[in-house]
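Student: sequence and predicted structure, then a few things I'm wondering about:
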Amino acid sequence: MNDTPAPRGRIMLVGLGPGSHAHLTARAREAIAEADTVIGYVTYIRLVADLLEGKEVIRKSMTEELDRAIEAFERARQGRKVALISSGDAGVYGMAGPTFEVLFQAGWTPDSDIEVEIIPGASALNTCAALVGAPLTHDFCAISLSDLLTPWPVIARRLDAVAAADFVVALYNPKSGRRTRQIVEAQRLFLRHRHPDTPVAIVKSAYRPKQRVELTTLARMTDADIGMLSTVLIGNASTFVRHGLMVTPRGYANKYDVDSGATRDGEKAGRSLSTGLEGWLASLRASACSAAELAAEHRLPEDYITALLADAGTDTEEAAA
């Protein structure tokens, strides 16, 4: 009688980064080497083809993400070590999400007989930003324009909100052979809130043989060569282009004289700006304007301003008690 326990299966969700071997992490390379089976979209399989000798290789098409996750699960149940690969980071529009959906649907828990490891890789927004300068130095977000799984009104609301909030934005899946209007609508929404000359970088196939980088503006963005392998980086109100580099300032000029490094009048090194939360609250309390007027001035909800002013009254009463 054989009492040897069955080998524990393993799914390794591997982020390949941009795809070049120079930017493949050591752990990602090790995971592929450890794997019995490698599963991925055909293009991603091609990127690491020279690392796959002697392995079972399962190639899937672009829209077969759930099929990839199911294949990985079935082989892991058999005790196999599976590398399920994604470009960029597996957790950023990658295979980590659908894989956990499949696992949870099957009743999997972290204590079960299948081990899951997520191996991070540089996402497109990181690699594309590195090629154009420093556009992500301040607050940014990523939005996918793919409406294959997300309703367009949801995407449009997100675009409008981040455009109004002055985030630097990375647009993933901006355009394909069939989806050509989404990038036009994104531009339309951004132009409601941003200056037409806002810098835009379009990077195609970052760190791959057909890499292409183009710097343009929000007004001219849709004239550029944009496809499924492109990432679009839209700057905020402070982003500028100099010597062919796109840069978003972190905000040091608000506090320091950049030439001398000296602290500006009214500011203190290591402390919040005079217009930070506490300083701003003090200015609200001292203002003779109504909550509605303050809300309009700062483009914030009136009920939020009203609550802040009410809190100020409570603070004053507590201090006097």
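Tutor: Right, received. Where do you want to start?

Student: ranges for the strands of this protein?
Tutor: With strands called from DSSP state E, the chain shows them at 9-15, 37-41, 56-60, 81-86, 114-119, 133-134, 140-144, 168-172, 199-204, 212-217, 230-234, 240-242, 245-247.

Student: in a markdown table: those strands, plus mean pLDDT, mean neighbour count and distance to residue 72.
Tutor: Bear in mind the C-beta positions are built from the backbone N, C-alpha and C, glycine included. Formatted as a markdown table, the strands of the chain follow (pLDDT from 0 to 100; neighbours: other CB atoms under 10 Å; distance: least, CB to CB, whole Å):
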| stretch | mean pLDDT | mean neighbour count | distance to residue 72 |
| --- | --- | --- | --- |
| strand 9-15 | 97 | 27 | 5 |
| strand 37-41 | 95 | 23 | 5 |
| strand 56-60 | 92 | 16 | 9 |
| strand 81-86 | 96 | 27 | 5 |
| strand 114-119 | 96 | 18 | 9 |
| strand 133-134 | 98 | 18 | 37 |
| strand 140-144 | 97 | 18 | 23 |
| strand 168-172 | 97 | 24 | 23 |
| strand 199-204 | 97 | 25 | 29 |
| strand 212-217 | 97 | 17 | 33 |
| strand 230-234 | 97 | 26 | 26 |
| strand 240-242 | 97 | 14 | 43 |
| strand 245-247 | 98 | 18 | 38 |
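
Student: let's have those in JSON lines, adding distance to residue 150.
Tutor: JSON lines is the format used below for those (distance: least, CB to CB, whole Å):
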{"stretch": "strand 9-15", "distance to residue 150": "21"}
{"stretch": "strand 37-41", "distance to residue 150": "19"}
{"stretch": "strand 56-60", "distance to residue 150": "21"}
{"stretch": "strand 81-86", "distance to residue 150": "18"}
{"stretch": "strand 114-119", "distance to residue 150": "22"}
{"stretch": "strand 133-134", "distance to residue 150": "30"}
{"stretch": "strand 140-144", "distance to residue 150": "7"}
{"stretch": "strand 168-172", "distance to residue 150": "12"}
{"stretch": "strand 199-204", "distance to residue 150": "22"}
{"stretch": "strand 212-217", "distance to residue 150": "26"}
{"stretch": "strand 230-234", "distance to residue 150": "17"}
{"stretch": "strand 240-242", "distance to residue 150": "31"}
{"stretch": "strand 245-247", "distance to residue 150": "28"}
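
Student: is there a neighbour count for residue 109? I'd like the number.
Tutor: When neighbours are defined as other CB atoms under 10 Å, residue 109 has 8 of them.

Student: for it, phi and psi?
Tutor: phi -130, psi 160 (degrees, to the nearest 10).

Student: how close does it get to residue 80?
Tutor: 20 Å (CB to CB, to the nearest Å).

Student: also residue 301?
Tutor: Plainly put, residue 301 is 53 Å away from residue 80 if you go by CB to CB.

Student: show me which of these two is the more surrounded one.
Tutor: The residue with more neighbours, out of residue 301 and residue 80, is residue 80; 17 against 11, by other CB under 10 Å.

Student: and the closest residue in space to that one that isn't next to it in sequence, what does it touch?
Tutor: In this structure, residue 80 finds its nearest non-sequential neighbour in residue 36, 4.6 Å apart by CB to CB, 6 or more residues apart in numbering. If a contact means CB atoms under 8 Å, 6 or more residues apart in numbering, then residue 36 has 55, 56, 75, 80, 81, 82 as its contacts.
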